[in-house]
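[1] what follows is a predicted structure for the sequence shown.
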Amino acid sequence: MAGDERDLVLGTAGHIDHGKTALVRALTGVDADRLPEEKARGITIDLGFAALDLGPHRLALVDVPGHERFIRNMLAGASGLDLALLVAAADDSVMPQTREHLEILSLLDLSGGVVVLTKCDLADPSWLALVEDEVRELVRGTFLESAEVVRTSATSGLGIDELKAALARLCATAPDRRDPGLFRMAVDRSFTLAGHGAVATGTVASGSAAVGDELVWHPEGRAVRVRGLHRHGRAVEHVGRGSRAAVNLAGVHHEEVSRGQELAAPGYLQATRVLSVEVRESGLAPRPLRHRGRYRVHLGTAEVAATLALLEDRPADGSPRLAQLVLAEPVVAVYGQPFVVREESPPATLGGGRVLQPVARRIRRRDLATVARLGRLRSPDPVERMRVALAFQGLEPATDRALCARTGVAVGEVGPILDRLAAAGELVEVPVGPRRSIRIPAELAADLEDRVLRALKRLHEARPRQSAIPRARIAAELPDLPGEALAAGLVDRLKARGAVVADARAAALAGFEPRLSQGERRLKSELADAIRDGGASPPDAAELAAMGGTRAAVVPELLALLRDEQRVVEVGPGLYLDADVEADLRRKVADRLADGSALAMGDLRDLVGTTRKYAVPLGEHLDRIGLTVREGDVRRLKNSGICK
Ligand SMILES: Nc1nc2c(ncn2[C@@H]2O[C@H](COP(=O)(O)OP(=O)(O)OP(=O)(O)O)[C@@H](O)[C@H]2O)c(=O)[nH]1
């Protein structure tokens, strides 16, 4: 939400027992430790939630566990945070999970926060000054470098008002996160509500949802309906970005819903097992990331086993490397989404990064051109990212919503960017079906056109006697193209720039001339003569083949050549009439039927002076070309004017 009223998500971070939960209670009055075991042991095991109104701003507080063993729960809570509340207890100072949480929040790309020295009632001022120095040293060079440091005591109430004031200042000044405009929520908890069914809770990462909306439940990809909504415990009609939401779902059983799954607007996300990413090593990592290393990847609220495929060597400056994550289970992600890489045993946070391709194919390290293209997705320029995403997309159609997920461009800006690219000639429209077309990068269209030209060249070489190649045959030569419409569209583009000559049926490279031997040329004119001399009773296929003698095999090609030269007309399978004879036939039939009369088969036979053997296919030919229509045993003129 822009301007002076905002919904933001703030997460606690810090070592076990450093007073995170007590601080949340002091700020909001809510005990975020809700599990009986948490209360019994006095530690946070899973995520706790509370809301804090700060004047015009509303903060959703996520309280995370500090214990090392529950770091995966911390990671689930840390996804989707805008701001951090990093705590260090005054009597304990900086401890291992203070460092690890800070590192994880840095990897997750948080924009800011407040540092809190808790339990200040337990330390004297000189000690406090030392702890504050240590904490300031810790955050140097991180996103909290310029964060305010506030001293508090949950026991005495010291500093709680100052902390609220600091948080209000932070809400007012934190940079706006761009909202792609489509609903998305990672599920962090699910339960059943008697009489209402499944409820999934989470932090709304983007967009908004209203009661009655249809959403998709991922990674299953099933449609579900929003039956009811709660925001911070109150029934509401809709929830938006930055809210803690409980979504009552129709269409799914609560036992099926679990942490790590997501709810999203239809058409937005697509489940995948391969993500292209950029990844960097954590400064705290005890060992480097390995190519083909098996790790745990934390993405959203999901935690999935994955193999890391590094696509680049380690850059000297420590900047992130291009890589792919091959996941053991499908996940959903969007462009730019941060993730963390950990190892189970011994447990350690090794690194993290952001997603560049939320749906990817495997890329080989030695495929340098593709690796370089992937690198271009790092661009801060949305137009460049769109270009690259479309190049990767190739011929697969993508909706604006899918492109939004793949580029991080807000859904409303996708169309205008595509229009701009099309206007600049960078995108061209090609047909992919009878009434469907897609826009593809001009570069890809040029590559495809090149492939059509090469296919035509191959086909001409294989059929030197054929003046043109049927469009269907050209399409068959490029089996990976989706459907004949695309091949036909590419032929038309080539025709428009004069590289091929084509009609509705067939195409040839511009300047191609069929090549015939002397004997073949002679045979061709003999065939033409025989067909002409046969009049309306020309030689049939067997007779024509017999004329070929030892060259019988090339007869069909020579006939096709005569047809392409419009010297003969194929009136039935293997049955050719001289072009003049065929025109004469049409004229005679048209004249005869001009008065609306009907023509029986015997009449047609007598009219053109042939036998029944020929009259039947001739009649069918006249129907096929639209001159006549058959009504039972007779034919009538379909409409006038066809016969010229
Ligand atoms: N004296 C004093 N004790 C505090 C203060 N804040 C918390 N404590 C105590 O410190 C202990 C741990 O506090 P929690 O708030 O549960 O700590 P936590 O960081 O949430 O712990 P985990 O979530 O399990 O990591 C509890 O016994 C609290 O009563 C404080 O300001 N002063």
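    Here it is on my side, so go on. Numbers count the residues shown, from 1 in each chain.
[2] show me where the stretch 1-150 of the chain has helices.
    With helices called from DSSP state H, counting those that start in this stretch, the stretch 1-150 of the chain shows them at 20-28, 36-41, 71-78, 96-107, 125-139.
[3] between those, which gets nearest to P431?
    Between P431 and these, the shortest gap by C-beta to C-beta is with helix 96-107, which sits at 45.2 Å. Every residue, glycine included, has its C-beta placed from N, CA and C.
[4] which neighbouring elements make contact with that closest one?
    strand 7-13, helix 71-78, strand 83-89, helix 125-139, strand 338-343, strand 348-357 (3 or more C-beta pairs under 8 Å, 6 or more residues apart in numbering; DSSP states H and E).
[5] kindly recompute the last result at 10 Å.
    Applying 3 or more C-beta pairs under 10 Å, 6 or more residues apart in numbering; DSSP states H and E, we find helix 96-107 packed against strand 7-13, helix 71-78, strand 83-89, strand 112-118, helix 125-139, strand 338-343, strand 348-357.
[6] got the CA coordinates for that helix in PDB?
    C-alpha atoms of helix 96-107 as PDB (Å, rounded to 0.1, in the frame of the first residue of the first chain):
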ATOM      1  CA  PRO A  96      25.300 -17.900  17.300                       C
ATOM      2  CA  GLN A  97      21.600 -17.600  16.200                       C
ATOM      3  CA  THR A  98      21.800 -13.800  16.400                       C
ATOM      4  CA  ARG A  99      24.400 -14.100  13.600                       C
ATOM      5  CA  GLU A 100      22.600 -16.800  11.700                       C
ATOM      6  CA  HIS A 101      19.200 -15.100  11.800                       C
ATOM      7  CA  LEU A 102      20.800 -11.900  10.600                       C
ATOM      8  CA  GLU A 103      22.500 -13.800   7.800                       C
ATOM      9  CA  ILE A 104      19.300 -15.500   6.800                       C
ATOM     10  CA  LEU A 105      17.400 -12.200   6.700                       C
ATOM     11  CA  SER A 106      20.200 -10.700   4.600                       C
ATOM     12  CA  LEU A 107      19.900 -13.600   2.200                       C
END
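[7] list the contacts of the residue in the stretch 451-600 of the chain that the ligand sits nearest to.
    Residue nearest to the ligand within the stretch 451-600 of the chain (C-beta to the nearest ligand atom): P482, separated by 54.1 Å. Residues near P482 by C-beta atoms under 10 Å, 6 or more residues apart in numbering: L395, E396, P397, V432, G433, I438.
[8] count of neighbours near the closest residue to K495 other than its chain neighbours?
    Spatial nearest neighbour of K495, excluding adjacent residues (C-beta to C-beta, 6 or more residues apart in numbering): A502 at 4.7 Å. Neighbour count for A502, taken as other C-beta atoms under 10 Å: 21.
[9] I'd say A502 and A508 touch.
    Yes. With contacts counted by C-beta atoms under 10 Å, A502 reaches A508, the gap being 7.4 Å.
[10] any common contacting residues for those two?
    Counting by C-beta under 10 Å, 6+ apart, the residues touching both A502 and A508 are L456, A468, I469.
[11] of these, buried ones?
    L456, A468, I469 (16 or more other C-beta atoms under 10 Å).
[12] what's the distance between the second one and V491?
    As defined by C-beta to C-beta, to the nearest Å, A468 lies at a distance of 11 Å from V491.
[13] which residues are common contacts for those two?
    By C-beta under 10 Å, 6+ apart, the residues touching both A468 and V491 are L456, I474, V500, A502, A506, A507.
[14] let me see the ranges of the helices in the stretch 251-400 of the chain.
    368-376, 382-393, 400-407.
[15] excluding chain neighbours, what is closest to the residue of the stretch 351-500 of the chain at minimum distance from the ligand?
    Taking C-beta to the nearest ligand atom, the ligand has its nearest neighbour within the stretch 351-500 of the chain at G352, 21.6 Å off. Once flanking residues are discounted, G352 sits nearest to L107: 3.1 Å by C-beta to C-beta, 6+ apart.
[16] select, out of the helices of the stretch 1-150 of the chain, the one closest to D419.
    Nearest of those (C-beta to C-beta): helix 96-107, 36.6 Å.
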